[in-house]
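Chemist: show me the folded form of this:
(one chain, ligands or ions: 1)
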Amino acid sequence: MFRKENVVIAPAEGKLGVLVPGIGAVTTTFIAGVEAVKRGIAQPFGSLTQLATIRLGKRTDNRTPLVRDFVPLAGLDDLVVGGWDIFQDNAYEAALNAQVLDKTLLERVKEPLEAIQPMKGVFYPEYVKRLHGTWVKDGGSKMDQAEMLMDDIRNFKASTGAARLVMIWCGSTEIFHEAASVHASLESFEEGLAKSDPAIAPSQVYAYAALKSGVPFANGAPNLTTDVPALLEMARERQLPICGKDFKTGQTMMKTILAPGLKARMLGVHGWFSTNILGNRDGEVLDDPESFKTKEVTKLSVLDQILQPQLYPMLYKDLFHVVRINYYPPRGDAKEGWDNIDIFGWLGYPMQIKIDFLCRDSILAAPIVLDLVLFLDLAQRAGMKGIQEWLSFYFKAPMTAPGLYPEHDIFIQLMKLKNTLRWMRGEDLITHLGLEYYD
Ligand SMILES: NC(=O)c1ccc[n+]([C@@H]2O[C@H](COP(=O)([O-])OP(=O)(O)OC[C@H]3O[C@@H](n4cnc5c(N)ncnc54)[C@H](O)[C@@H]3O)[C@@H](O)[C@H]2O)c1
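Modeler: Predicted coordinates:
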């Protein structure tokens, strides 16, 4: 039996303010969806916090409450959303441009969407080369800009009356860059901000402003952002939960569903070729090789960890893994992802699997945003700080403690998430051993 913890969770009283850098396709689909659900126009399919149950105790106990009845989560009526963008469009206009949701639905939630006017973003064009932002904070050092963001956060809190805040990055994918000496400690990072060190990305200025303001931070893009010693140190010191990176949707979600099954049956994989066409702004940004590199790294890492070629060289050592994203405007947000998987079984006989996933990126991402917002707020009220590995379920490249490899298998991730909720509420963890039924 596992030791039960007695975690004290503060109640979810008052409004929860959700601050989002990047009011694009994902964010507007999230906001419009929450408003539609609140009005009873649609259902929150894809959201674990809204729909999933959790088994407690033995299979014979018949205790399976809804997750949202088991742990105290903020309700949808308590959410207030605000954010920043580098274009001035309000959330209604941005939703129209994104062309994810149909106009009839958008008309019905037009009022709350129109009310969300983005605040001016912090933007350095060298980090997202395909965009030319016109609604940006100008002048001053990167530290001055962080302070402007902190003013925005304070004003948002005061004007909405939010009791608590969380921030979730839904801005464009920044170019690939690695931690530099400026990221090594909080001291060097703050010096770097004051000197506008070029190695500090816009998303890191937002993350710094959030943490400095006592706001938990989630990263929906593959950017480096909080994955540097300075910001990890800051999150721990300030007792703030953080998580990332890169929402697990589409092709990578399918990969982390399928690969654990192939490995479980000891079937080998010679090659896995993945290609996509998509035509939204995200696709345009990813058409730049430097932004794509950031995405490619997170997409490629998944199979290696799940299949463990170092443990199973005969099955996976020579796996040839390719990931391509092709910008193809006619498709908009309605992406198509193809996978060709060359596998082999008994005596080495080859077989093939083909997947053609006609998915909708933002439809898959929006419920992830909702769940992360609610769980991050829960983590904060439960006094959990630093990297929240139990939220790996939602990410392509889960953040982990330095030196620890991430868990990519979606089923292990789900078990980890649910066991964390059980642990928070002092329930027995479920090991699936099951011997007790046969005593
Ligand atoms: N849609 C998915 O399924 C999915 C999955 C995983 C990750 N993501 C990531 O989520 C992010 C958002 O995706 P999207 O489809 O909504 O893209 P999008 O291009 O529609 O929206 C991104 C928005 O961020 C804004 N932006 C860029 N830099 C900014 C900055 N410094 N400050 C404020 N705003 C800024 C852009 O102007 C744009 O409006 C992307 O990084 C994407 O790679 C999306």
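
Chemist: contact partners of whatever helix or strand Val26 lives in?
Modeler: Mapping Val26 onto the secondary structure by DSSP states H and E places it in helix 25-38. Contacts made with helix 25-38 from outside it, assessed by Cβ atoms under 8 Å, 6 or more residues apart in numbering, are listed as 20, 42-44, 50, 76-77, 79, 81, 83, 91-92, 94-95, 98, 100-101, 105-106, 108-109, 112-113, 116, 170, 220, 247, 280-282, 333, 361-363, 365-367, 369-370. Backbone N, C-alpha and C define where each C-beta goes, glycine included.

Chemist: the helices in the stretch 51-200 of the chain, which residues?
Modeler: For the stretch 51-200 of the chain, the helices defined by DSSP state H, counting those that start in this stretch cover 67-70, 91-98, 103-108, 110-114, 142-160, 186-194.

Chemist: ok, which of those comes nearest Asn276?
Modeler: Proximity of the helices of the stretch 51-200 of the chain to Asn276 was assessed by Cβ to Cβ; the nearest stretch is helix 91-98, lying at 17.6 Å.

Chemist: helices or strands up against the closest one?
Modeler: Under the contact criterion of 3 or more Cβ pairs under 8 Å, 6 or more residues apart in numbering; DSSP states H and E, the helices and strands touching helix 91-98 comprise helix 25-38, helix 103-108, helix 110-114.

Chemist: what does this protein put close to the ligand?
Modeler: For the chain, the contact set with the ligand under Cβ under 6 Å from any ligand atom comprises 21-27, 84-87, 98, 121-123, 128, 131, 170-173, 202, 220-221, 246-247, 249-250, 280-282, 361-362, 364-365.

Chemist: could you confirm Ser203 falls within a strand?
Modeler: No - secondary structure of Ser203, determined by DSSP: H, G, I helix; E, B strand; the rest coil: helix, with no strand assignment.

Chemist: the closest residue to it other than its chain neighbours: what secondary structure?
Modeler: Nearest in space to Ser203, with sequence neighbours left out and distances taken as Cβ to Cβ, 6 or more residues apart in numbering, is Thr225 at 4.4 Å. Remark: Thr225 carries the secondary structure label coil [criterion: three-state DSSP].

Chemist: ok, Val182 - how many residues close by?
Modeler: As a burial measure, Val182 scores 20 neighbours (other Cβ atoms under 10 Å).

Chemist: now swap in Pro11 and tell me
Modeler: Using other Cβ under 10 Å, Pro11 has 7 other residues around it.

Chemist: residues contacting it?
Modeler: Going by Cβ under 8 Å, 6+ apart, Pro11 touches 72, 381.

Chemist: next, give phi and psi for it.
Modeler: Dihedral angles of Pro11 (phi, psi; degrees, to the nearest 10) stand at phi -70, psi 160.

Chemist: please report how far it lies from Asp78.
Modeler: The span separating Pro11 from Asp78 equals 12 Å under the rule Cβ to Cβ, to the nearest Å.

Chemist: got it, and Asp333?
Modeler: Taking Cβ to Cβ as the measure, Asp333 falls 28 Å from Asp78.

Chemist: repeat for Ala379
Modeler: As it turns out, when the distance is counted by Cβ to Cβ, Ala379 lies 17 Å from Asp78.

Chemist: quick revisit: quick one, which of the helices of the stretch 51-200 of the chain is nearest to Lys15?
Modeler: Distances from Lys15 to each of these were compared using Cβ to Cβ; the shortest belongs to helix 142-160, at 6.4 Å.

Chemist: now the closest one and helix 186-194, what's the angle there?
Modeler: Here helix 142-160 runs at 90 degrees with respect to helix 186-194, directions being taken by axes from the mean of the first three to the mean of the last three Cα atoms, to 10 degrees.

Chemist: burial count for the residue in the chain positioned nearest to the ligand?
Modeler: Evaluated by Cβ to the nearest ligand atom, the chain has Gly24 as its residue closest to the ligand, separated by 1.8 Å. The local packing of Gly24 (other Cβ under 10 Å) involves 26 other residues.

Chemist: tell me who's in contact with it.
Modeler: With Cβ under 8 Å, 6+ apart as the criterion, the residues that contact Gly24 are 85, 94, 98, 170-172, 281-282.

Chemist: out of the residues you listed, which is most surrounded?
Modeler: Within the contacts of Gly24, most neighbours by other Cβ under 10 Å means Gly171, with 32 neighbours.

Chemist: flag every buried residue along the strand ranked longest in the chain.
Modeler: For the chain, the longest strand by residue count, based on DSSP state E, is strand 268-278. Of the residues in strand 268-278, those scored as buried under the neighbour-count criterion (16 or more other Cβ atoms under 10 Å) are 268-270, 272, 274, 276-278.

Chemist: follow-up on the earlier one: name the stretch among the helices and strands packed on helix 91-98 that sits most buried.
Modeler: Taking mean count of other Cβ atoms under 10 Å as the contact definition, the stretch among these with the greatest mean neighbour count is helix 25-38, which reaches a mean of 25.

Chemist: off-centre distance for that helix?
Modeler: Centroid displacement of helix 25-38 relative to its chain, using Cα atoms, centre = their mean, to the nearest Å, is 16 Å.

Chemist: out of the helices of the stretch 51-200 of the chain, which one sits most buried?
Modeler: helix 91-98 (a mean of 22).

Chemist: what angle separates that one from helix 25-38?
Modeler: Going by the same axes, to 10 degrees, helix 91-98 makes 120 degrees with helix 25-38.
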